[in-house]
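Asker: Need coordinates for the below:
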Amino acid sequence: MLPTPPQGRGEHVLYLDDEASLAEVGARRLESLGYQVTSVTNGRTALALLEKDPAGFDLLITDFTMPLLTGLDVAIEAIRLAPALGVIVLSGHTDGLPIQALERAGVHRVLQKPVSRDELSAAVRQVLDKIGRAG
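Answerer: Down below sits the predicted model:
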């Protein structure tokens with residue numbers, strides 16, 4: 001029997017991917033694990049939600065490569081708006097990613113896409129526990 005992936009405790013995750021199907025899959029995976037998820041496909045929309053309610057989200061998961069605003073751009077502004085926010089960046093190509101810039105911006109984890117449900121679950125739980133956000 002496979003071990004049960006770490007479960008959410010109702011924490012609110014903002015999931016950003018410019019590909020609607022990927023945003024939906026990510027949201028469904030996290031909801032099935034017990035997280036409340038708001039999925040968006042635009043960095044400006046994500047930042048507007050954070051600006052409106054900086055304490056309303058526990059974690060931001062963002063794709064790195066997107067039009068207009070990169071995952072780094074979104075992470076920098078999101079952490080400025082909500083300093084206690086956990087941030088995970090997803091990328092299909094981790095080679096050449098500005099890892100040091102991401103770390104300086106406050107990103108907690110970088111995951112290679114495609115990410116499995118178990119890998120995502122473990123990373124989300126690890127970041128939330130690290131920042132002291134346990135629903």
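Asker: For stretch 32-46, buried residues please.
Answerer: Neighbour counts over stretch 32-46 (16 or more other C-beta atoms under 10 Å) mark L33, Y35, V37, T38, S39, V40, T41, N42, G43, A46 as buried. (Glycine included, C-beta is placed from N, CA and C.)
Asker: do stretch 60-79 as well
Answerer: Within stretch 60-79, judged by 16+ other C-beta under 10 Å, the buried ones are 60-64, 66, 69-79.
Asker: before we move on, the earlier item: can you flag which of the buried residues of stretch 32-46 belong to strands?
Answerer: If you go by DSSP state E, the buried residues of stretch 32-46 have V37, T38, S39, V40 in strands.
Asker: residues contacting the second one?
Answerer: Listed by C-beta atoms under 8 Å, 6 or more residues apart in numbering, the contact set of T38 reads H12, V13, L14, Y15, A27, L49, F57.
Asker: again, only using 7 Å
Answerer: Contact analysis of T38 by C-beta atoms under 7 Å, 6 or more residues apart in numbering lists L14, L49.
Asker: Just grab the bridge partners of it for me.
Answerer: For T38, the beta-bridge partners under DSSP bridges are L14.
Asker: Can you give me the pLDDT of it?
Answerer: With respect to pLDDT, T38 scores 98.
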